[in-house]
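1. quick check, what structure comes out for this input:
(one chain, ligands or ions: 2)
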Amino acid sequence: MALKETLKNALIVSCQPVPGGAMDDSPYVVGFALAALSAGASGLRIESARYVAAVRAATDAPIIGLIKRDLDDSPVRITPFIDDVRALAEAGADIIAFDATDRTRPATVEALAQAVRDAGKLSMADCSCIDDARRALAAGVDFVGSTMSGYTGGPEPVDPDIELVAALRQLAPDVIAEGRIRTLEQAQAAARAGASCVVVGSAITRTEHVTAWFREALDEVYAPAPVVLAVDLGGTKIMASLVQQGEVLETVSLATDRSGSPGSWIAAIAEATSGWRGRYAAVGLAVTGAVRNGHWRAMNKATLGIEGEFPIEAHASAIFGVPVVAANDAQAAAWGEFKATQDRSDLVFITVSTGLGGGIVSNGRLMRGISGHFGQMRDASGDRPLESRLCGPWIAAEAERLGHACEPKAVFSAADLGEAWAVGIIDDVARRFAHLCCDIQLAIDPARIVIGGGVGLATGFLDRVRAEISAIGPSAVPRLQAATLGPKAGIVGIADLALTYKNQ
Ligand code: ADP
Ligand code: BMX
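-> Numbering: from 1, shown residues only. Ligands and ions are numbered 1, 2, ... in the order given. Alright, predicted model coming up:
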């Protein structure tokens, strides 16, 4: 009874060197044991009669003794034989631990428990599950432990089995939490789950294990960051880059074949980037249109004619041979812009390009689904999407209607030179965009609205939009910024998303 009291709310340190390792000798085991006791451990767990005897000669502190054996005809390793119990008792153990699992075994749990009693010692049943504990308690053991959880088949877990500790506590008061307790938080969790004492082993006394944990943790940081093949597929152009940790290493651009199909666009990307094969670990596809559950569809076929729903992630990963993550282009750009600076305030990204797309980052999270599809909201007429007159193709069509057929870029140049027809077109677009930004400010109140896209980033566009906003004099003035990453926002954003989501 006194021993149970001593071990109440205690830390027990298991001093078991790696077999055959540099510390596998009595002086080290005794040293670890005395060091642990000097710093607040109340008990020890020691393997083999030889080490129990050596530690016993050095201290009166409670010792849980065990003997590990690798048997040919039984998976049971911890104190399998009655003779082991006797040897441990003779060597000076106070508590004798044995495997209490329900597996083929040389001696029954009942016989071992009886042998411990016969030797005048207390017993600890190393259990893998609650049923092991039930049987062991029925056989009269003094302590039940979670030691064997995770070691009777299947992959070895990383974390301790705190749930088993809590379940054991429902059966008996003297519960020892043991197994994979590596951190202060895990030890506390075991205590909170009701353990009457906690055993920590490797994390204190296996230098090889602790060293390897640190080595692996550092390897993760020192390992070269993975490279992603990041693609921005818009209604007008496709950009593909190799990206590493937000750095764009190389880029190719091609025109989007607007008469093509998802299969032909992916094939064109694979062809244009064939020289980069083997250099990337994942592919990220930022695409115009909506992406949900790896499937891609158009919101507005005028921006790009994607027929039906296309399984873009499955199709592309078969072609590229690495995991593929797809997302909407403007959402990816929103994420790229969010990650590009230290500013953690909410942002809305808007691209004015072949269509008008958007993305929202709120509380540090990218909103998914179809959020940000501002271009699909109705315009004042009520019967067409806002983007039909707030995009590059509308500028070109309007220029042609006015007898000045040219690309939007040339319309901007003409507007810069003060040509009235061009100024009228650009002012129209800027006014509509200014209204949209004011409405977004009222709906979402972002700290900033970041602008991208061929038209959005065109020279002078933002200044004209700001002038229109001043003219409106809104109750809440949106803070507009040009994309820090320029046309690469989508590329950088999807590269990061690809690494985040590739295993999900
Ligand atoms: P995508 O829509 O494929 O993502 P962009 O962002 O480049 O591609 O947007 C394409 C639209 O932007 C086209 O209508 C194009 O004419 C127009 N555009 C591209 N570059 C400029 C520029 N420098 N000035 C004005 N308009 C541009
Ligand atoms: C359209 C829509 C959005 C896209 C936006 C910008 C389609 C095909 N696309 O509103 O999903 O984000 O255009 O795309 O419905 P871009 O091609 O102009 O860059």
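2. low-confidence stretches in this structure?
-> For the chain, the stretches with pLDDT under 70 are 1.
3. need the residues of it near ligand 1, please.
-> Proximity of the chain to ligand 1, by CB under 6 Å from any ligand atom, involves residues 234-237, 256, 353-354, 392-393, 407-409, 412, 453-455, 458. Backbone N, C-alpha and C define where each C-beta goes, glycine included.
4. smallest gap between the stretch 351-500 of the chain and ligand 1, at which residue?
-> residue 392 (1.8 Å; CB to the nearest ligand atom).
5. so who does that residue touch?
-> Contacts for residue 392 were tallied using CB atoms under 8 Å, 6 or more residues apart in numbering; they are 236, 352-354, 408, 454-455.
6. contacts for stretch 85-92, please.
-> 49-50, 52-53, 55-57, 63, 65-67, 79, 96, 98, 112, 115-116, 119-121.
7. which strands or helices does the helix or strand containing residue 30 pack on?
-> Applying DSSP states H and E as the criterion places residue 30 in helix 26-38. With contacts defined as 3 or more CB pairs under 8 Å, 6 or more residues apart in numbering; DSSP states H and E, helix 26-38 has these neighbours: strand 10-14, strand 43-47, helix 49-56, helix 202-205.
8. most tightly surrounded among the ones you listed?
-> strand 43-47 (a mean of 27; mean count of other CB atoms under 10 Å).
9. list the strands paired with that strand, with their directions.
-> strand 10-14 (parallel), strand 63-66 (parallel) (DSSP bridges).
10. that strand: how far from the chain's middle?
-> Distance of strand 43-47 from its chain centroid, counting by CA atoms, centre = their mean, to the nearest Å, is 37 Å.
11. C-alpha coordinates for it, CSV please?
-> Extracted in CSV, the C-alpha atoms of strand 43-47 (Å, rounded to 0.1, in the frame of the first residue of the first chain):
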residue,chain,number,x,y,z
GLY,A,43,10.3,5.6,-9.5
LEU,A,44,12.3,3.8,-12.2
ARG,A,45,11.4,1.2,-14.9
ILE,A,46,14.4,-1.0,-15.5
GLU,A,47,14.9,-3.9,-18.0
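12. for residue 333, which of the helices and strands packed on helix 26-38 is the nearest?
-> The closest of the helices and strands packed on helix 26-38 to residue 333 is helix 202-205. By CB to CB, the value is 44.6 Å.
13. got a list of contacts for the closest one?
-> So helix 202-205 is contacted by 13-17, 23, 32, 36, 181-183, 209-210 (CB under 8 Å, 6+ apart).
14. try 7 Å
-> 13-16, 32, 36, 181-182, 209-210 (CB atoms under 7 Å, 6 or more residues apart in numbering).
15. out of those residues, which is nearest to ligand 2?
-> The closest of those to ligand 2 turns out to be residue 182 (CB to the nearest ligand atom; 45.8 Å).
16. quick one, domains of this structure?
-> Segmentation of the chain into domains, based on automatic domain parsing, reads 2-215, 227-331, 342-483.
17. export those domains to CSV and tack on distance to ligand 2?
-> Formatted as CSV, the domains of the chain follow (distance: least, CB to the nearest ligand atom, whole Å):
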stretch, distance to ligand 2
domain 2-215, 40
domain 227-331, 3
domain 342-483, 2
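18. which residues outside the top helix by length along the chain are in contact with it?
-> Across the chain, the longest stretch assigned as helix under DSSP state H is helix 420-444. Residues outside helix 420-444 that contact it (CB under 7 Å, 6+ apart) are 348, 352, 360, 374, 386, 389-390, 395, 398-399, 402, 404, 411-412, 414-415, 449, 461, 464-465, 468-469, 472, 474, 476, 478, 480.
19. tell me which of these fall in strands.
-> Using DSSP state E, 348, 352, 360, 449, 480 are the members of these that sit in strands.
20. so what sits opposite the last one in the bridge?
-> Pointing back at residue 480 there. Residues in beta-bridge contact with residue 480 (DSSP bridges): residue 449.
21. and it, how many neighbours does it have?
-> Applying other CB atoms under 10 Å, we find 19 residues neighbouring residue 480.
22. contacts only, for it.
-> Residue 480 touches 437, 449, 451, 462, 465-466, counting by CB under 7 Å, 6+ apart.
23. and the residues you listed, which is closest to residue 145?
-> Nearest member of these to residue 145, counting by CB to CB, is residue 449, at 59.2 Å.
24. could you pull up the residues touching that closest one?
-> Applying CB under 7 Å, 6+ apart, the residues near residue 449 are 348, 350, 437, 440, 478-480.
25. how about 10 Å then?
-> Neighbouring residues of residue 449 by CB atoms under 10 Å, 6 or more residues apart in numbering: 347-350, 358, 436-437, 440-441, 465, 478-481.
26. cool, residue 96 as well?
-> 52, 63-67, 79, 84-89, 112-113, 115-116, 119, 121-124, 141-142.
27. of these, buried ones?
-> Using 16 or more other CB atoms under 10 Å as the burial test, those include 52, 63-67, 79, 84-89, 112-113, 115-116, 119, 121-124, 141-142 as buried.
28. give me the next element, helix or strand, following the helix or strand hosting residue 221.
-> According to DSSP H and E, residue 221 maps onto helix 207-222. Helices and strands here follow DSSP H and E; after helix 207-222, the next one along the chain is strand 227-233.
29. how about whatever helix or strand comes next after that next one, which residues are buried there?
-> Using DSSP H and E, the helix or strand that follows strand 227-233 in sequence is strand 237-244. For strand 237-244, the neighbour count (16+ other CB under 10 Å) marks 238-243 as buried.
30. check which helices and strands the helix or strand following strand 237-244 is in contact with.
-> Proceeding N to C from strand 237-244, the next assigned helix or strand is strand 247-255, under DSSP H and E. Counting contacts by 3 or more CB pairs under 10 Å, 6 or more residues apart in numbering; DSSP states H and E, strand 247-255 is packed against strand 227-233, strand 237-244, helix 262-272, helix 489-501.
31. redo that, cut-off 8 Å
-> Looks like strand 247-255 contacts strand 237-244, helix 262-272, helix 489-501 (3+ CB pairs under 8 Å, 6+ apart).
32. could those be laid out in TSV, adding distance to residue 43?
-> What follows is the helices and strands packed on strand 247-255, written out as TSV (distance: least, CB to CB, whole Å):
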stretch	distance to residue 43
strand 237-244	51
helix 262-272	63
helix 489-501	45
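33. need the winner for burial among these.
-> Buried most deeply of these, by mean count of other CB under 10 Å, is helix 489-501, with a mean of 27.
34. and stretch 167-176, what's buried?
-> Neighbour-count burial for stretch 167-176 [16+ other CB under 10 Å]: 167-169, 172, 174-176.
35. same question for stretch 278-291.
-> 280, 282-291.
36. same check, this time on stretch 298-306
-> 298-300, 302-304, 306.
37. repeat for stretch 432-452
-> Buried residues in stretch 432-452 (16+ other CB under 10 Å): 432-438, 440-441, 444, 446, 448-452.
38. and it, how far from the chain's centre?
-> Centre to centre, stretch against its chain (CA atoms, centre = their mean), the figure for stretch 432-452 is 31 Å.
39. stretch 173-192 now?
-> 25 Å.
40. okay, that stretch in CSV with CA atoms only?
-> Provided in CSV are the C-alpha atoms of stretch 173-192 (Å, rounded to 0.1, in the frame of the first residue of the first chain):
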residue,chain,number,x,y,z
PRO,A,173,-7.5,3.7,-9.7
ASP,A,174,-3.9,2.6,-10.1
VAL,A,175,-3.3,3.4,-13.8
ILE,A,176,0.2,3.9,-15.2
ALA,A,177,0.4,5.9,-18.4
GLU,A,178,3.2,4.6,-20.6
GLY,A,179,4.1,4.5,-24.2
ARG,A,180,5.2,7.2,-26.7
ILE,A,181,5.0,10.1,-24.1
ARG,A,182,7.6,12.5,-25.6
THR,A,183,6.4,15.9,-24.6
LEU,A,184,5.5,17.9,-21.5
GLU,A,185,2.0,18.4,-23.0
GLN,A,186,1.5,14.6,-23.6
ALA,A,187,2.6,13.8,-20.0
GLN,A,188,0.1,16.4,-18.7
ALA,A,189,-2.6,15.0,-21.0
ALA,A,190,-2.0,11.5,-19.5
ALA,A,191,-2.2,12.9,-16.0
ARG,A,192,-5.4,14.8,-16.8
